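Chemist: with the sequence up front, the predicted model follows.
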Amino acid sequence: MTKNIFWIFEITIKEGQVDNLKKLMTEMVEATKENEQCTMAYEWTISEDNKKCHTHECYVDSEATLTHLATFTSQYAARLMETGDATSFVVYGNPNVEVKKILDGFGAVYMTPIGGFIR
């Protein structure tokens with residue numbers, strides 16, 4: 001099995017906040033791409049009606065996840081929550097206790113691998 005940690009995080013966008021969300025997303029994507037080499041995937045999607053936003057994130061391991069979360073919590077979390085409300089947060093993999101402690105604060109539901117592979 002892999003050491004990768006990945007998730008899908010859903011935000012219900014507050015009225016009038018789509019442009020602010022997109023501006024913040026651009027900043028976050030650029031910073032993550034530039035500074036976090038162990039982030040394997042960092043994709044944002046939005047529903048056709050601009051009411052839901054999903055982030056699909058994948059990290060090499062728990063250490064890489066902690067690196068991302070340190071930046072996210074200190075620089076972006078409060079600003080992101082101004083644009084919407086966390087609706088769903090499903091985490092896949094086997095994050096360590098330290099990662100879970102942080103993710104629990106965002107209402108994470110954990111799905112533990114029981115089989116399969118990633119190429």
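Modeler: Yep, it's here.
Chemist: give the buried residues for stretch 19-38.
Modeler: Residues N20, L21, K22, L24, M25, M28, T32, E36 are the ones in stretch 19-38 that count as buried (16 or more other CB atoms under 10 Å). All C-beta atoms are positioned from the backbone trio N, CA, C, and that covers glycine.
Chemist: apologies, that question was intended for stretch 43-56.
Modeler: For stretch 43-56, by 16+ other CB under 10 Å, it's W44, I46, K52, C53, H54, T55.
Chemist: so who does the fourth one touch?
Modeler: Going back to what we said before, that points to C53. The neighbours of C53, taking CB atoms under 8 Å, 6 or more residues apart in numbering as the test, are E10, I11, I13, L21, M25, W44, T45, I46, S47, G84.
Chemist: looking at the residues you listed, which is nearest G115?
Modeler: Using CB to CB, E10 comes nearest to G115 of these, at 25.6 Å.
Chemist: that closest one contacts G84, correct?
Modeler: No: using CB atoms under 8 Å, E10 makes no contact with G84, being 9.1 Å away.
Chemist: which residues touch F117?
Modeler: T2.
Chemist: quick check: mean pLDDT of the longest helix along the chain?
Modeler: With secondary structure taken from DSSP state H, the chain has its longest helix at helix 18-35. For helix 18-35, mean pLDDT is 98.
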